[in-house]
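sharing a sequence plus its predicted fold:
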Amino acid sequence: MRHLSLLLLSATIAFLLHGCKKDELRYTLTVTPHYHVDGQELILDTIMYQNAAGNPYSVNRLRYYLSNFRFVRSDNFEVTVDGGAYFTDAREGTTLTLQDVPAGSFKGLRFNFGIPADLNVYGNLPNTSENVGMVWPEQMGGGYHFMKFEGYFSSPTGTDGYAIHVGNNACLADITIATPFDVDADGSMIIGFNLNEILANPNTFDMDSGNYTMGIMPAMLEISANMHNAFTLEQTP
């Protein structure tokens with residue numbers, strides 16, 4: 001009996017050690033957004049693109065947050081690899097670094113476009129100049145902008161500006177990219193971001209009819225709904 005107990009104890013220890021060793025397989029992934037407009041590379045400050053409504057437009061500013069990164073296993077279990085929020089600036093070519101990512105095979109990834117409610121309170125993000133510059137007015141709900149998308153467009157009367165600003169918890173978009181990938185080493189991912197999808201699918205945004213969204217909840221919700229179709233996984237780890 002004592003011999004059997006020792007065997008069971010040895011087997012248990014071996015199992016635990018094997019499990020701990022497996023759990024130690026953690027990696028670092030660099031995530032790089034790739035900006036394009038229906039396949040055209042993004043060039044800032046030039047009216048050279050056309051949206052679904054037929055508006056010729058430029059992109060002069062694109063600042064936004066990505067947050068709450070989760071990797072989806074084959075059984076639909078979501079592994080939260082980073083629950084924080086990342087300020088991202090297209091002009092600066094901002095990249096994101098996900099640390100302590102578990103090894104495994106995944107059928108897709110999920111993340112939020114915007115900031116989860118528990119972080120979307122002024123002061124809950126680090127007091128950097130970038131975050132301070134994204135503060136949403138307290139009288140309009142407080143927290144932070146989820147996105148500032150700005151530029152110019154050609155209208156029937158000349159050249160006008162547009163400012164598509166989105167904020168408030170109701171406008172948080174939960175993005176799913178159903179592209180399989182494996183994590184078995186440090187690596188990088190490229191997430192494609194089609195800016196024309198901000199202005200279309202399912203909601204066509206006509207700048208001639210409205211070129212400003214801040215605080216206009218129906219317009220912000222339409223833009224938030226469009227974000228679900230804006231992202232693809234172009235390069236897997």
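In hand now; what should we look at? All values reported here derive from a predicted model rather than from experimental measurement. Residues are numbered from 1 along each chain as shown.

for Met189, what are phi and psi?
The phi/psi pair for Met189 (degrees, to the nearest 10) reads phi -130, psi 140.

ok, Leu62 touching Ala163?
No - using CB atoms under 8 Å, Leu62 is not in contact with Ala163; the gap is 11.7 Å. The way it works is simple: take the backbone N, C-alpha and C, and place the C-beta from them, glycine included.

so what sits against both of those two?
Taking CB atoms under 8 Å, 6 or more residues apart in numbering as the contact rule, the neighbours common to Leu62 and Ala163 are 148-150.

which one of those has the most neighbours?
Top of the shared contacts of Leu62 and Ala163 by neighbour number is Phe149, holding 21 neighbours under the definition other CB atoms under 10 Å.

hang on, the earlier thing: let me have the shared contacts of Leu62 and Ala163 in a markdown table, extended by secondary structure.
As requested, these are exported to a markdown table (DSSP: H, G, I helix; E, B strand; the rest coil):
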| residue | secondary structure |
| --- | --- |
| Lys148 | strand |
| Phe149 | strand |
| Glu150 | strand |
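
nearest to Thr213 among the residues you listed?
Phe149 (8.9 Å; CB to CB).

higher neighbour count, Leu62 and Ala163?
When neighbours are counted by other CB under 10 Å, Leu62 comes out ahead of the other of Leu62 and Ala163, with 22 against 14.

list the beta-bridge partners for the more buried one.
Per DSSP bridges, the residues bridged to Leu62 are Phe149.

list the residues that contact it.
Going by CB under 8 Å, 6+ apart, the list of residues near Leu62 reads 35, 89-91, 147-150, 195.

Met217: which of those residues is nearest?
In terms of CB to CB, no member of the contacts of Leu62 lies closer to Met217 than Met147, at 14.8 Å.
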